[in-house]
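**Q** got a predicted model here, sequence first, then my questions.
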Amino acid sequence: MKQAGFMRGPRERVEVNMSGREKLSTVARLFRLIFKDNGWKIGIVLLCILISTLATLASTLFTRSLIDKYIVPLLGSSSPDFQPLALALIKLGAVLIIGVGVGYAYNLIMIYVSQGTLKTLRYSLFEHMERLPLKYFDSRSHGDIMSVYTNDVDTLRQVIGQSIPRLFQSLVTILSTFVSMVALSIPLTLVTLFIAVIMYFVTRRLGGISKKYFTERQKNLGLVNGFIEEMVSGQRVVKVFCYEKRAIERFSVLNENLRRSVYNANKVSNIVMPINSNLGNFGYVLIAVIGALIAISGTSVWYLAGADGSLLTLGTLVAFLTLQKNFTRPVSQISNEINSIVMASAGTDRIYSLLDEPKERDEGKITLVKEGKCSWSWNDPVLGKRTPLKGEVSLKDVDFSYVEGKQVLYDITLTAYPGQKIAFVGGTGAGKTTITNLINRFYEIQDGVITYDGLNIRDIEKDSLRRSLGIVLQQTHLFTGSIMDNIRYGRLDATDDECIAAAKTACADGFIRRLPNGYNTVIEADGGNLSQGERQLLAIARAAVAAPPVLILDEATSSIDTRTERLIQSGMDSLMKGRTTFVIAHRLSTIRNADYIMVMERGRIIERGKHDELLALKGKYYELFTGNKITG
Amino acid sequence: MFKTLLRQVKQYKWAVILTPVWTTLEVVMGVLIPYVTASIIDKGISAGNMRNVYIYGLQMVGMGCLSLLFGILAGRYAAYSSTGVAANLRDAMYRNIQRFSFSDIDKFSAAGLVTRMTTDVSNVQNAIQMLLRVSFRAPLNLISSLVMCFFIHSSLSLIFLIAMAVLGVCLFVLISRAAKLFQKIFAQYDVLNAVVQENVSAIRVVKAFVRENHELGKLDRAALALYRLNIRAERLMALNDPIMNVVVYGCIISLSWFGAHYIVAGGLTTGQLTSLFSYIMMVMMSLMMLSMIVVQLTMSAASVKRIAEVINEEPDMSNPQSPLYEVKNGEIEFKDVCFSYKPGGDYALSDINLKIETGMTVGVIGGTGSGKSSLASLIGRLYDVSKGAVLVGGVDVRRYDIAALRNSVAMVLQNNTLFSGTVLENLRWGKEDATEEECRNACISACADEFISSLKDGYNTVVEQGGTNFSGGQIQRLCIARALVKSPKVLILDDSTSAVDTATDASIRKTFEERIPGTTKIIISHRIISVQHADKIVLMNDGRVCGFGSHSELLESSPIYREIYNMQSSQGGESDFDSNTLTR
C-alpha cells in the first residue's frame, strides 16, 4: 500500500543484481556480524565440532579393530576370552558419549548464536528503518519492506543455524577421514578422492542449473504477486466491468509460467541426492574390487600399502569401505550448503541494502526545552542562548520536488504569525500536503528557507522540531493497544485524566464511553473495529494531549456520517484555539475563520487573502467556491 | 480441510500416485545394496574369490543404476506433482475470488489474499513434496531395513526393536512438546510482524510524534519474546540428535558384543555384522525423517486452513436459475428498498421508492454518508437489497444474468483505478473486441481524447500501476471513457468528475446530452452545479430520499435543498468545500 499522492515518480523496485564479487562481500559482512558478537562462542563450537567428529571417526575405525583384533582371534580358540572385547567396547562407549555430549553442547551454543544474530539483525533493521527519511517509505511498496523482515531474515536462520555448522562439520569430517584413509591405503584413497571430485563438480553444476531456474522462479513469483496485488485491489472494478473471465485467463498464463519454473528448479534440486548417493555406491564397488584384488594378491609393494606401512587386510578393507562412505557424504553436503548459501545471498543483499540506506540527515543543534506547564523555549547550545517559543513559521521562496526534474512547489512564500490560522485550498496535486511535509522536515526543501521563530528549521534538531508541531493526518493510523494507549501516544507521560480531558476536547469522549470496555477497549489492526470518523476523533485527541504550540491539520473527510462530521469539526476547532495552525481546509467554517487563505494551483500560491476579499476577487477561489467559472 | 487439498490434485493424480511408487522402488534398491555389499565381503573378499567380487560388484553397479533411475524419476515426479497441485490451488483460489461478491471482497483484504496465494501455497507445496518423497520412504526404509535385519539374524534384530521403542517414545514426547511451542512461535511472529507493519504504514505518525525510540522498545520486546520462544523450541529439538545418537551407539556396542559371540559360535559372519551396522544407520535416518515430516505437517496445516478459507468461501450472490440476458431499456425503479451492508445491521438505505425513465439524466445529491453511493450500487446489483426490489428495464435485477446486467449498467466507481497496460488496453476493459474507433469515440464523449492525443504515444501510452503517470482528472476521464466503451443503457457516475475542473465538467455533461441521449445517466455529486441541469434530482439524507424533482421544483419544495443551494451558490452554511482529495 503506497501512501496516496506523496510520490509521483515511478516506484523504485528493490532489484538485487550484483556481481559475484559483491555477493561474496555481503556474505562476508554477514559472517563478520556473526563473529563480532560471538567470537569465543564460535571458537568453542569449532573445537566441539572437532572433538565430536573425531569421536565419530573413532567409532568407525573401531570396526577394524573389532573384527581384526577382537573377533577374528577368537574364532579358532576353544575357550574364547571376551574380556578384551568388553574393555574395548567400554572404551568406545566412553568416547562416543563424549562425542554426543560435545555435539549437544555445540548445537546449544549455535542456537544461541543464530537466534541471537537474528534478534540483533531484526533490532538493527528496525532501528535503522525508523531513522530513514520518508522518501524511503513513499517510494517503496510496503510489502517489499515487510518481506525483508519476514522472508529474508528467515532465510538467514537456515544459513546461520544449519548451513554454517554443517559446513564446519563436513570439513572436519573430510579432513580427519582423509587422514585415516591415507593411513589405511594410499591407492584406495586416490580412488575415493577421484570420486569425490566428480561428486563435487556434479553437485556444483546442478546447483548452477537450479540457480538459473531459481532466478526465473523469483521473477515469475514477482509477476504473479504483482498481478494479484493489482487485480485484487481493483477487484471492484473487475466486477463492474465483468472482467472476471479475462482476469482468470491472464492469471492462468502467469500461474502456468510460475508452475513450470518452480517445477524445473525443484526437479534439479531433487535429483542431486540420488545422483550423489549412487555415485557413492559406484565408488564403493570400485574400491571393493580394487581393494579385493590387492588384498587377495597379498602384495607387499610399498605403494599399495597404507601410509603406516601396513598391508591391506580384510579388516582394513572393511574399515576403508566405511570410511569411504563417511568421506563422500560430506563432500556432497558441502556443495549443497554452498549452493544454499549462494541462494540465500539474495536475501542477505536485501537486508544490507536496507541497512545501507542513508539515514535522515539532522545537523540541527537547537533543542526544545520545556519551561513551564505550557511554555517552551528554543535552546541554542552554540550561541548559548534561549529564545522563547512563540510559534511564528515562515516560508521564503521555497522550491521543492519529490523526484528530480519534476518540481511540485514553486516560490512558496508565506508567514504565519503566532496564533494565526493559515488555510490551504486547491485541487488535488496542487501541493497543499507537500507544504506541510516540508515544515516538519519529512522532506528537505531544495531551495529557499523555512524559519520557526526566526530560526532556520535546518538548525533545529529534528526531534525537537517535530515535538513542537502537532499533526492530524488525512489518513488516520492507530496502533495495536488500548484506546488510552493510543491517545497517550501524543505524550507518553500523560496521566489517564489528561488523556480523558484530551478526548473531551476532541469530542471523542462520548463514543469511547459507549465502547464495551471504554478507554480500555483494545484496537485491532490499525483500528479496523472503529469507524473512519471515530479513528479521526482519536487522532485529534492524540494531538490534543501533546498540546503542541503549532498545529498541522488535514481536514479531508471521507465516508463519515454527518453527526461524526460535526463532532470532528468541533474537535478540530477547539484544538486550533490559540495555536498557530496550518490547515488543509475542506470545511467552510474553517476557511471563513482563517486569518489567511492560500489558494494553490499546480504548486503555486495563486491567490491569498481572507474569505470575503477572495470572493470579491472573482478569481480561482470564487470559481472553486461557487463552482461557477467566470468567463471573460 | 485436507479434502479441499485432495480435490485440487486433478490432472496430477498419476504423478501423485507414481511418486511414492518410484520412491518405493528406490528404497528397495537402497535396502538391497548393503546386502550385496555383505556378499562382496563374505563370498568374495573373505573367501578370496575374485570371481564373486566381480559378480556381486556387477550386481551392485546394476542396482546402483536402477536406484539412480528410480531416484531421478521420484525426484522429477515429486517436483511435478507438488508444483502442479500448488498451481491448481492458486488457480482455484483466484477463480473463486473472481466469483466473490462485493461484500466478500470487503471480508478479505488484498494483502491477505496475496499472502494466501503465495506464501501459504509455497508452504503447502513444500509439505506435499516432502510428504510424497519422505513419508513413504521413511516407514518403508524402516520396515525393509528391519526385515533385512531379521533375515540376517533374527535374535540380534531384537536389539533394533528395543532401540526403536525407546527412540519412538522419546521422539513422540519431544515433538508433541515442540509442536505446542511452534504454535506459540507463529503467534509471536505475527506480533512482531504487526509492529513492523504498523511502523511501515504509520511512519508519518511515528516521526511526527518523535516516537522512534518508543517503537523501538515495542519491537525489542516482541523480538526478545520471539528469541526466547525460539531458543526454547530449538533447545528442545536439539535433544533429538543426542537421543538418536545414544540409541544408535548403544545398538552398535551391543551388536558388537553379541555379534562377536555369535560369530565365535559360528552363527554369523563378519560381513553380515557389517551389513547390520549399515542398517542401523538406515533405521536412524528414517526415524529422523519421520520426525521432520511431523514437524513440517504441523507447520503447513495452518496454511492449508487459510487456503481452504478462500477456496471454500461461498459467494453470497449467484446467478438466477434461468437468467435473462437482455436488458430492454434504461428504465430504473426502486420499490420499497431497504438495504444494509451487514445482515441484521443498520440500514444504509430505507424505504426507497423511485422511478427513473429511460434516457433521463438524474442527479443524486446529499451529504457524506447519506446513502448516495449505496443507492447507485444496487442498480448494478453490486449488493443485494435487504428488502424490496430494484428493477432495471422493468425487471428485477436479480433475474438478470449478472454479467449481462453489469454490461448494460456501467458504473464509474468513486475510488476508480486504472490497470497497468496501455490506454487502449484499459479502455477495452469495457468491451474486449472494441475497435480503436469505438474507444476513440468513447474518449471524445468523456472529453479525454484531447489529452490522450497530445501524448507522445497517444492511445498506446503505457499506464503505470494505479495510473500514477496521469493526473487525478485525467484518470477520472479515462475511467468514464472506459465505461462508455460498453455503450451501456445506464451510466452511473459516482462522484467521478471531482478532480475535473468545472469547465471540463460542464463540457462532459454537454457531450453526454449530444452523444448518448438514449442512455439513462445517473450523476452522484456533492456539487449542485453538477446536477442542477439534470431532468430530475434525488436528494438523499440519512439513507432516505427526501426530495425528488427538477432543480426548480426542489428549490420550491425542499427546504434542505434550498439550504444546500444557498450555501453553495453564495455563502454561509456547512458543506464539503472540496472533495477532490477523495480521488487519489
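**A** Ah, there it is. Numbers count the residues shown, from 1 in each chain, chains lettered A, B, ... in the order given.

**Q** secondary structure element for the spatially closest residue to residue B:249 that is not a sequence neighbour?
**A** Using C-beta to C-beta, 6 or more residues apart in numbering or on different chains and skipping the chain neighbours, the partner closest in space to residue B:249 is residue A:96 (4.4 Å). Every residue, glycine included, has its C-beta placed from N, CA and C. Residue A:96 is part of helix A:83-130, with elements assigned from DSSP states H and E.

**Q** OK, contacts around the closest residue to residue B:531 other than its chain neighbours?
**A** Closest residue in space to residue B:531, ignoring its immediate chain neighbours: residue B:363 at 2.5 Å, by C-beta to C-beta, 6+ apart. By C-beta atoms under 8 Å, 6 or more residues apart in numbering or on different chains, the contact list for residue B:363 reads B:522, B:523, B:524, B:525, B:530, B:531, B:532, B:534, B:536, B:537, B:538.

**Q** ramachandran coordinates for residue B:363?
**A** The phi/psi pair for residue B:363 (degrees, to the nearest 10) reads phi -100, psi 140.

**Q** what about chain B, any weak spots by pLDDT?
**A** B:1, B:106, B:109-111, B:368-369, B:415, B:465-466, B:468, B:499, B:502, B:567-584 (pLDDT under 70).

**Q** now do the strands in it.
**A** B:332-339, B:349-356, B:361-365, B:387-392, B:395-396, B:409-412, B:421-422, B:462-463, B:490-494, B:520-525, B:536-541, B:544-549 (DSSP state E).

**Q** so for the residue in the stretch 1-150 of chain B that chain A sits nearest to, what's the nearest residue that isn't a sequence neighbour?
**A** Going by C-beta to the nearest C-beta, chain A is nearest to residue B:71 of the stretch 1-150 of chain B, at 2.4 Å. In this structure, residue B:71 finds its nearest non-sequential neighbour in residue A:274, 2.4 Å apart by C-beta to C-beta, 6+ apart.

**Q** now do the contacts for that neighbour.
**A** Contacts of residue A:274 by C-beta under 8 Å, 6+ apart are B:26, B:67, B:68, B:70, B:71, B:72, B:74, B:75.

**Q** could you rerun that using 6 Å?
**A** Contacts for residue A:274 (C-beta atoms under 6 Å, 6 or more residues apart in numbering or on different chains) come out as B:68, B:71, B:72.

**Q** just residue B:29 next, same as before
**A** By C-beta under 6 Å, 6+ apart, the contact list for residue B:29 reads B:63, B:66, B:67.

**Q** make it 7 Å
**A** Taking C-beta atoms under 7 Å, 6 or more residues apart in numbering or on different chains, we find residue B:29 in contact with B:63, B:66, B:67, B:70.

**Q** what does residue B:483 give?
**A** By C-beta under 7 Å, 6+ apart, the contact list for residue B:483 reads B:410, B:411, B:412, B:430, B:491.

**Q** next, count neighbours for the third one.
**A** Other residues near residue B:412 come to 25 when the count uses other C-beta atoms under 10 Å in any protein chain shown.

**Q** show the backbone phi and psi for the nearest residue to it once chain neighbours are set aside.
**A** The shortest distance from residue B:412 to any non-neighbouring residue, by C-beta to C-beta, 6+ apart, is to residue B:496 (4.2 Å). Main-chain torsions, residue B:496, degrees, to the nearest 10: phi -90, psi 0.

**Q** isn't residue B:496 up against residue B:478?
**A** No. The criterion here is C-beta atoms under 7 Å, and residue B:496 misses it with residue B:478 at 10.7 Å.

**Q** okay, these two: which has more neighbours?
**A** Neighbour totals were compared for residue B:496 and residue B:478, and residue B:496 leads with 28 against 24 (other C-beta under 10 Å).

**Q** in contact with the more buried one, which residues?
**A** Residue B:496 makes contacts with B:412, B:416, B:476, B:479, B:480, as judged by C-beta under 7 Å, 6+ apart.

**Q** tally of neighbours for the closest residue to residue A:172 other than its chain neighbours?
**A** Closest residue in space to residue A:172, ignoring its immediate chain neighbours: residue A:53 at 4.3 Å, by C-beta to C-beta, 6+ apart. Residue A:53: 25 surrounding residues under other C-beta under 10 Å.

**Q** can you pull the pLDDT of residue A:53?
**A** With respect to pLDDT, residue A:53 scores 78.

**Q** I'd like to know which elements the helix or strand hosting it is packed against.
**A** Taking DSSP H and E as the criterion, residue A:53 maps to helix A:20-65. Counting contacts by 3 or more C-beta pairs under 7 Å, 6 or more residues apart in numbering or on different chains; DSSP states H and E, helix A:20-65 packs against helix A:83-130, helix A:164-184, helix A:314-355.

**Q** now do the contacts for the residue nearest to residue A:172.
**A** With contacts defined as C-beta under 7 Å, 6+ apart, residue A:53 is in contact with A:169, A:172, A:173, A:176.

**Q** relative to residue B:565, how far out is the third one?
**A** By that I understand residue A:173. 89 Å (C-beta to C-beta, to the nearest Å).

**Q** and the two? which has more neighbours close in?
**A** When residue A:173 and residue B:565 are compared for neighbours, residue A:173 comes out ahead with 23 against 19, by other C-beta under 10 Å.

**Q** just the pLDDT for the more buried one.
**A** pLDDT, residue A:173: 79.

**Q** list the contacts for it?
**A** Residue A:173 touches A:53, A:326, A:330, counting by C-beta under 7 Å, 6+ apart.

**Q** how far away is it from chain B?
**A** Separation of residue A:173 from chain B (C-beta to the nearest C-beta, to the nearest Å): 15 Å.
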